[in-house]
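>>> Next input, structure requested:
(one chain, ligands or ions: 1)
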Amino acid sequence: MKKLLFTTLLAGFMTMDLSLAADQVATVKLENGMSVPQLGCGVWELSEAEAYDSVSMAIKHGYRLIDTAQYYKNEKATYNAVRDSGIDRDEFFITTKLWPRYATEQDIRMAIDTSLENLGGRIDLMLIHWPYSHDELAWKVMEDYVKKGSIRAIGLSNYTGEKLSHILKIATIKPVVNQIELHPYNPRTNDIKENLDNGITVEAWSPLGAGRLHLLVDETIIEIAKKYHKSAAQIILRWDIQKGVITIPRSTKENHLKENIDIFDFSLSKEDMEKIDALAEVKGRALW
Ligand code: NAD
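As a prediction, this is how the structure comes out:
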């Protein structure tokens with residue numbers, strides 16, 4: 001009722017549309033108590049100009065979780081889009097990733113400080129992008145930044161098995177997120193379980209197959225899409241949501257950004273979830 005009154009009073013103002021759309025996105029609670037949107041947007045392979053435009057459009061359509069990385073070379077543009085939106089910084093959750101090449105404490109600190117500078121002095125979540133030989137040191141340094149307050153949460157990306165166990169063993173602050181490739185052709189069922197067992201929320205990268213797989217024209221997904229009057233992309237992203245993972249599709253097209261966030265008004269039946277699960281047989285990987 002309160003929302004309806006608010007809507008009526010502010011109808012026509014863009015800021016109202018913004019907060020309403022953002023309100024509709026489901027949230028998940030991380031092990032450290034932080035509540036984060038379950039859907040966001042990624043900016044891999046986007047130039048600075050593309051990242052700025054894509055994130056600006058995404059924000060307009062309600063995205064508040066944004067995934068960048070040192071490797072993408074667009075942290076600053078990503079942050080500028082957030083800053084220029086005029087929306088309170090506290091409403092956003094910005095993730096970046098430490099590139100796995102720094103071997104000394106000094107170099108790791110320099111890399112993190114550069115990210116902090118690019119991102120306006122605050123990082124909501126920093127991940128180690130890939131396992132590497134100095135990741136124990138990197139983790140300890142990242143923990144120090146959390147204690148000092150400039151990084152709010154830390155996690156991992158592309159960690160499985162022994163590599164994951166090792167970080168869990170040496171960590172005094174546990175990883176809250178593990179970002180891994182995850183989509184219907186590579187659903188990572190065992191990895192999801194391993195992470196959940198350790199209190200780690202899974203985040204799906206390349207949820208749409210990075211445009212390199214045939215996921216969006218897969219017959220099974222198209223058939224399900226027709227049934228729900230949704231697109232293939234929306235069916236896949238809804239499958240992510242119902243699996244309990246965070247998903248971060250990328251697009252530079254406004255219609256796709258709008259479509260990808262419009263997945264909170266329907267649910268896939270158990271039977272349709274299972275039909276999509278069965279596509280794991282295809283075993284396609286988007287990268288590497
Ligand atoms: P993605 O799976 O999100 O697919 C992107 C492709 O799908 C693009 O070609 C885009 O044009 C197309 N697309 C998006 N929405 C569409 C729609 N509604 N209809 C039709 N086509 C649509 O690809 P991604 O960028 O590889 O993954 C998403 C994000 O995950 C990245 O941008 C990045 O932030 C992150 N990522 C992380 C890692 C890692 O190692 N941690 C690796 C890859 C990606």
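>>> Just confirm residue 252 contacts residue 47, I think it does.
No. When contacts are counted by C-beta atoms under 8 Å, residue 252 is not listed as touching residue 47 (9.6 Å). Quick note: C-beta positions are derived from backbone N, CA and C, even for glycine.
>>> Residue numbers of the stretch 1-150 of the chain in contact with the ligand?
Within the stretch 1-150 of the chain, the positions near the ligand by C-beta under 6 Å from any ligand atom are 42-44, 67, 129.
>>> change it to 5 Å
Within the stretch 1-150 of the chain, the positions near the ligand by C-beta under 5 Å from any ligand atom are 42, 44, 67.
>>> Show me what residue of this protein gets nearest to the ligand.
Nearest residue of the chain to the ligand: residue 42, at 2.4 Å (C-beta to the nearest ligand atom).
>>> That residue bridge partners, please.
Residues in a beta bridge with residue 42, per DSSP bridges, are residue 67.
>>> Not counting sequence-adjacent ones, nearest residue to residue 125?
The shortest distance from residue 125 to any non-neighbouring residue, by C-beta to C-beta, 6 or more residues apart in numbering, is to residue 95 (4.2 Å).
>>> Report the secondary structure state of that neighbour.
Following DSSP: H, G, I helix; E, B strand; the rest coil, residue 95 is assigned to strand.
>>> in terms of contact, does it touch residue 68 like I think?
Yes. Assessed by C-beta under 8 Å, residue 95 is found in contact with residue 68 at 7.0 Å.
>>> need the contact list for the residue positioned nearest the centre of the chain.
Nearest to the geometric centre of the chain sits residue 248, at 4.0 Å (C-alpha atoms, centre = their mean). By C-beta atoms under 8 Å, 6 or more residues apart in numbering, the contact set of residue 248 is 39-42, 65, 67, 203-205, 207.
>>> Distance check, it against residue 107.
To residue 107, residue 248 is 28 Å away according to C-beta to C-beta, to the nearest Å.
>>> And the helix or strand harbouring residue 168, what does it pack against?
Using DSSP states H and E, residue 168 maps to helix 161-170. Helices and strands touching helix 161-170, by 3 or more C-beta pairs under 8 Å, 6 or more residues apart in numbering; DSSP states H and E, are helix 135-148, helix 189-197.
>>> so that helix versus helix 189-197, what angle?
0 degrees (axes from the mean of the first three to the mean of the last three C-alpha atoms, to 10 degrees).
>>> Helix 161-170: what's the following helix or strand?
For helix 161-170, the succeeding helix or strand toward the C-terminus, using DSSP H and E, is strand 177-181.
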